[in-house]
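[1] okay, sequence plus prediction incoming.
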Amino acid sequence: MMISLVKPTGDIIIPRNYGVARMPATPDDLFAALDRLGIPHRTARHPPVFTVEQAKKLRGELPGAHTKNLFLRDKKYELYLVVALESANIDLKSLHRRLGATGRFSFGASDLLREVWGVEPGSVTPFGAINDTAGRVTVVLDGEMMAHQTLNFHPLDNTMTTTIARDDLVKFLESTGHLPRIETVSGPSAASP
């Protein structure tokens with residue numbers, strides 16, 4: 001049985017957050033959060049990009065390492081975001097063993113990505129941690145990527161690229177409650193243990 005409250009004027013009062021999904025953060029919300037944390041960032045606008053190849057053609061001369069982001073789930077629906085250099089070779093068949101996941105990984109469905117990380121396919125980014133207030137996603141940053149001082153990611157939208165320092169990425173993730181795991185998940189040194 002559903003009970004609704006009615007003001008004497010006849011207006012229905014819906015209790016705060018009752019059955020209403022929280023709207024995901026916008027790029028402006030993200031930039032404000034970075035500013036509050038004292039994290040310098042620079043953003044370039046460009047046409048929408050959905051693949052690493054499209055990004056390579058459109059990004060121009062943005063300094064720093066360019067990345068790819070894999071939104072994954074294991075057999076028990078534990079969620080992972082694996083962030084690596086755009087050129088990284090990641091063996092998805094064995095990655096679950098390296099990360100201690102249950103069974104092989106598969107890509108998280110678009111609906112799950114929207115629900116948990118608050119972004120559309122093609123806009124996957126570690127900045128999505130701002131939307132995962134329940135801390136459902138384990139963020140894994142590839143060790144090879146973390147050797148670079150400056151990194152580039154979409155700021156929740158694939159029509160922009162934001163440049164941020166490596167250590168500031170970790171600071172941002174920690175501020176959202178996501179303590180990132182920094183592990184080598186690409187290249188020859190990432191071979192199955």
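    Nice, thanks for sending it over.
[2] contacts and neighbour counts: CA atoms only from here.
    OK.
[3] give me the below-cutoff pLDDT ranges for this protein.
    Counting by pLDDT under 70, the ranges of the chain that qualify are 1-21, 47, 49-52, 54-61, 188-193.
[4] run through who's touching the host helix or strand of D167.
    Following DSSP states H and E, one finds D167 within helix 166-175. Helix 166-175 is contacted from outside by 34, 37, 39, 126-127, 129, 146, 148-151, 179-180, using Cα atoms under 8 Å, 6 or more residues apart in numbering.
[5] report the buried residues of it.
    Buried residues in helix 166-175, counting neighbours by 16 or more other Cα atoms under 10 Å, are found at 166, 168-173.
[6] tell me where this structure has helices.
    27-36, 52-58, 92-99, 110-112, 166-175 (DSSP state H).
[7] picking that back up, tell me the angle the helix holding D167 makes with helix 27-36.
    Counting by axes from the mean of the first three to the mean of the last three Cα atoms, to 10 degrees, helix 166-175 lies at 100 degrees to helix 27-36.
[8] only alpha carbons, please: show helix 166-175 as CSV.
    What follows is helix 166-175, C-alpha atoms only, in CSV (Å, rounded to 0.1, in the frame of the first residue of the first chain):
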residue,chain,number,x,y,z
ARG,A,166,48.5,11.7,-11.8
ASP,A,167,48.6,12.4,-8.1
ASP,A,168,45.6,14.7,-8.3
LEU,A,169,43.6,11.9,-10.0
VAL,A,170,44.3,9.7,-6.9
LYS,A,171,43.4,12.6,-4.6
PHE,A,172,40.0,13.0,-6.5
LEU,A,173,39.2,9.3,-6.4
GLU,A,174,40.0,9.2,-2.6
SER,A,175,37.7,12.1,-2.0
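[9] so how far is that helix from its chain's centroid?
    Counting by Cα atoms, centre = their mean, to the nearest Å, helix 166-175 is centred 12 Å from the centre of its parent chain.
[10] try stretch 102-119
    Relative to the mean C-alpha coordinate of its chain, stretch 102-119 is positioned 11 Å out (Cα atoms, centre = their mean).
[11] quick one: end-to-end length of that stretch, please.
    Counting by Cα to Cα, to the nearest Å, you get 25 Å between the two ends of stretch 102-119.
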